[in-house]
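Q: Need the 3D shape of this:
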Amino acid sequence: MTLTGEALQPSEFAVTAARAVADCADLSLREQAKHLANDGLLGVIAAHDVGGLDLPLAFAVPVVAAAGSGLLGFPLMEALLLGRALQESQPRTAEAVVSGEMLATIAWQGSVSAAREGESVVLDGWVARAACAREADYLLVRIGTSGAALVSTNSNGIVVEDATGLDLTVPEHAVHLESVTISAANILPENSWNVLCSDANVLRAAAILGSAETCLTLAQEHASTRRQFGRALSYNQAIRHALARQKLGLEGIRHAITRSVGDEAGALQRDAAFLAAGVYGSAISEGALQIHGGMGFTWDVPVHRHLRRVRALQAQGDASGVLAALGRRYVGAIAPASDVTASR
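A: Residues are numbered from 1 along each chain as shown. The predicted model follows:
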């Protein structure tokens, strides 16, 4: 029997995750991996056989939200997803990721070509948006449109470029692969990439939720305690209305995520949750930045760092591309009905 059957709720992971994230503040990346693994957070959705808890994706949501709220400098989303994605084809690697012994990440953009040579596969191409790739032991890359392969970052032919990106806490690297030879066993089952991206959109929404919630809390505290002309900022009705709208947006993200992990949820609901989180999360963090004024850009007030992370997650998940695909899907669904109406 899994823990789900024992009436364990996802919200019960929130406190443990928040404490673990806070404890990681001054640790190195590998120390963070061990600490998070010791708290059982890296294997929340991985199978029991690789040391995981074998829980549904919904249980990873509060864990990733806590990481977003605390600006965790560790690729937690990638570790969670790889622990489950590799459990069938690469159980030893999955177990090492879940236990914190090995660092693994995912290059979310770009793809490589694959040529079979006997029992080996040769990869060539360029990938990007790989969080903490310079320190990782393994990197998952996309092959073509829906395939995926696990590559050791120590392989000959791999060049990791310096990180460039908005998020200062979790650097994202581009990686060149030139005639990189891997075992055919390192190729994941067909369509693994699409499943991975669908689950990642839910966890990106969760990370944005954590950042947005923190930004709104900081904005409310600042508006209540900062005084100008003898009155608190919150005395201004326009500021109160703005905070109320931001609270409404925050609940919109929360409900979209809840729908995306329901029993009947599919790729459409997960994409919608990611897009909702991106839109509302940006508005909330930008609103908090405006309320703080210049203080919001200081290192002591992390509002700008949360905004950077929200924007980085939007770019990582290709929010504009997801929105365009969603629009095409909607137009395609209503077009036949429109044709029937016009023919009448």
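Q: tell me the contacts of residue 134?
A: 160, 163, 171, 173 (Cβ atoms under 8 Å, 6 or more residues apart in numbering). The C-beta positions use only the backbone N, C-alpha and C, and glycine is treated the same way.
Q: Provide the count of other residues in contact range of the closest residue to residue 20 other than its chain neighbours.
A: Once its chain neighbours are removed from consideration, residue 20 has its nearest residue in residue 39; the separation is 4.5 Å (Cβ to Cβ, 6 or more residues apart in numbering). Using other Cβ atoms under 10 Å, residue 39 has 18 other residues around it.
Q: residue contacts, residue 39?
A: Residues touching residue 39, when contacts are defined by Cβ under 8 Å, 6+ apart, comprise 16-17, 19-20.
Q: I'd like those residues as a markdown table, with secondary structure and pLDDT appended.
A: As requested, those are exported to a markdown table (DSSP: H, G, I helix; E, B strand; the rest coil; pLDDT from 0 to 100):
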| residue | secondary structure | pLDDT |
| --- | --- | --- |
| 16 | helix | 92 |
| 17 | helix | 96 |
| 19 | helix | 96 |
| 20 | helix | 96 |
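Q: Now tabulate those residues in CSV and tack on neighbour count and distance to residue 7.
A: Conversion of these to CSV gives the following (neighbours: other Cβ atoms under 10 Å; distance: Cβ to Cβ, whole Å):
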residue, neighbour count, distance to residue 7
16, 15, 17
17, 26, 19
19, 13, 23
20, 24, 23
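Q: Of those, which pair is most distant in space?
A: Using Cβ to Cβ, the contacts of residue 39 reach their maximum pairwise distance at 17 and 19, which is 7.3 Å.
Q: Show me which of the contacts of residue 39 is closest to residue 232.
A: Of all the contacts of residue 39, the one sitting nearest residue 232 is residue 19; the distance, using Cβ to Cβ, is 31.7 Å.
Q: show me where pLDDT drops low in this protein?
A: 1-6, 336-344 (pLDDT under 70).
Q: change it to 50
A: 1-5 (pLDDT under 50).
Q: residue boundaries of the helices in the stretch 101-250 of the chain?
A: In the stretch 101-250 of the chain, the helices defined using DSSP state H, counting those that start in this stretch lie at 192-225, 237-260.
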